[in-house]
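> any chance you can model this:
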Amino acid sequence: MQQRKAGRPFGTDGSDFSYRMVVDSRYTKVAKGKSRLKALIFIQGIFQLIVLFYVALPISKGKDPNILAVSSSVIGLISLLIGELGRRRSRGGFLKFYLAMSTITVLLSISCAASSSSTLEFIQNPTEWETKKFELIETLVLLLGLLVQMFTISTVISLISNMSPPKKAS
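Here you go, the predicted model:
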């Protein structure tokens, strides 16, 4: 059996490039959007694990768990799984559900932090930042999570619009 060498395809001199098929730009946008969404889901997963660690920390000290924070973490992890399924299989419905649930997760996390009086006191008093590093990291994770969520919203909306079939001209 004859080995084919890398380079120009056999049987052409390269002048037939104008007859080759071109990929529609919408498919390239979908591929780029899926790649970007994969990175965003990975980052959100890291943030969810950090939040889960902060939720589990008071439980390990024998304190009662914050039910709102626990439910936020559970919803967040489930939404990430659904988002990954939607991304892999190009399912717009899954991506819409993921978008709604991940947004609810971020809002629940922010409401947990806002309802905690220690977090509000910590933000208002910068002199205590050195002694309360735990709250500083928690606040930074929440703010970065909100920023990542904004990028996720725009990416998912763009991805869904590019995945939908093109509109037929009337």
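
> after the lowest-mean-pLDDT helix or strand in the chain, which helix or strand is next?
Ranking every helix and strand in the chain by mean pLDDT, DSSP states H and E puts helix 117-124 at the bottom, with a mean of 63. With elements assigned by DSSP states H and E, the helix or strand that comes after helix 117-124 is helix 133-163.

> pLDDT on that following helix, on average?
Across helix 133-163, the average pLDDT comes to 89.

> give the buried residues for the longest helix belonging to the chain.
Secondary structure of the chain per DSSP state H: the longest helix is helix 25-60. By neighbour count on 16 or more other CB atoms under 10 Å, the buried set for helix 25-60 is 30, 33-34, 36-37, 40-41, 43-45, 47-48, 50-52, 54-55. For every residue, glycine as well, the C-beta is placed using N, CA and C.

> got the contact list for stretch 146-159?
Here stretch 146-159 makes contact (CB atoms under 8 Å, 6 or more residues apart in numbering) with 29-30, 33-34, 36-37, 40-41, 43-44, 47, 87, 95-96, 98-99, 102-103, 106, 110.

> dump the C-alpha coordinates for it into PDB.
Extracted in PDB, the C-alpha atoms of stretch 146-159 (Å, rounded to 0.1, in the frame of the first residue of the first chain):
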ATOM      1  CA  LEU A 146     -20.800  37.800  39.300                       C
ATOM      2  CA  LEU A 147     -18.300  39.000  36.700                       C
ATOM      3  CA  VAL A 148     -18.000  35.500  35.200                       C
ATOM      4  CA  GLN A 149     -21.800  35.200  35.200                       C
ATOM      5  CA  MET A 150     -22.100  38.300  33.100                       C
ATOM      6  CA  PHE A 151     -19.700  36.900  30.500                       C
ATOM      7  CA  THR A 152     -21.600  33.600  30.700                       C
ATOM      8  CA  ILE A 153     -24.900  35.300  30.000                       C
ATOM      9  CA  SER A 154     -23.600  37.000  26.900                       C
ATOM     10  CA  THR A 155     -21.900  33.900  25.700                       C
ATOM     11  CA  VAL A 156     -24.900  31.600  26.100                       C
ATOM     12  CA  ILE A 157     -27.300  34.100  24.400                       C
ATOM     13  CA  SER A 158     -24.900  34.500  21.500                       C
ATOM     14  CA  LEU A 159     -24.500  30.700  21.300                       C
END
